[in-house]
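S.K.: Okay, sequence plus prediction incoming.
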Amino acid sequence: MADNTKTPRPVFTNIHVTDIVSYKLPPAGIVSILHRISGVVMFLLLPFVVWMFDTSLSSEISYDEFKSVFTAGSGWLPAILVNVITWGLIWAYLHHFIAGVRHLLMDTNHHLVEKKKGQSSAIATLVLSVGLTLILGAKLFGLF
């Protein structure tokens, strides 16, 4: 005789907004969310990037203006805010680039898809992006 009793299937539900604080996201999940955030940041700061590119290459006078924005500010925008925005853009680019390379490597090398390798590559992505951002930020703020 066949047993007609079935074991109940597990029910998966989405977490509620109030559960986000107590939910422990794995490093790969953090990298994934930051990859999306960094893409949005780069998209939103695209006019700033175009302005920087145009101002730095138009003429010697505009290049001097470009450099002065980072030391003296421009109009109502203080120099520290310009530097912080640029620092955020540096982080967004570095994180997006490194996480993108990680995704490409995972697509071509299926060993990286394993849980342990995925976790270590996610941690490496976070460490590299934050470390390089700190180094370039120190250069941006004139620490060396």
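M.R.: Yep, it's here.
S.K.: hey, let's count contacts and neighbours off CA atoms from now on
M.R.: OK.
S.K.: Centre of the chain to the lowest-mean-pLDDT helix or strand in the chain, how far?
M.R.: Within the chain, no helix or strand scores below helix 60-72, which has a mean of 91 by mean pLDDT, DSSP states H and E. Distance, stretch centre to chain centre, for helix 60-72: 27 Å (C-alpha atoms, centre = their mean, to the nearest Å).
S.K.: List the buried residues of it.
M.R.: Buried positions in helix 60-72, judged by neighbour count with 16 or more other C-alpha atoms under 10 Å: 63, 65-66, 69-70.
S.K.: do stretch 124-134 as well
M.R.: 124-126, 128-129, 133.
S.K.: can you check stretch 26-44 too?
M.R.: Under 16+ other C-alpha under 10 Å, the buried positions of stretch 26-44 are 27-28, 31-32, 34-35, 38-39, 41-42.
S.K.: From the chain's centroid, how far away is that stretch?
M.R.: That offset, for stretch 26-44, works out to 5 Å (C-alpha atoms, centre = their mean).
S.K.: need the longest helix for the protein.
M.R.: helix 79-108 (DSSP state H).
S.K.: What's the local residue count around T13?
M.R.: 6 (other C-alpha atoms under 10 Å).
S.K.: got it, and the one 10 residues further on?
M.R.: Neighbour count of Y23, defined by other C-alpha under 10 Å: 9.
S.K.: So it: helix, strand or coil?
M.R.: Three-state secondary structure (criterion: DSSP: H, G, I helix; E, B strand; the rest coil) places Y23 in coil.
S.K.: Quick check: pLDDT value at it.
M.R.: Confidence at Y23, expressed as pLDDT, is 77.
S.K.: quick one, phi/psi of it?
M.R.: Backbone geometry at Y23, expressed as degrees, to the nearest 10, gives phi -80, psi 130.
S.K.: wait, what's in contact with it?
M.R.: Listed by C-alpha atoms under 8 Å, 6 or more residues apart in numbering, the contact set of Y23 is empty.
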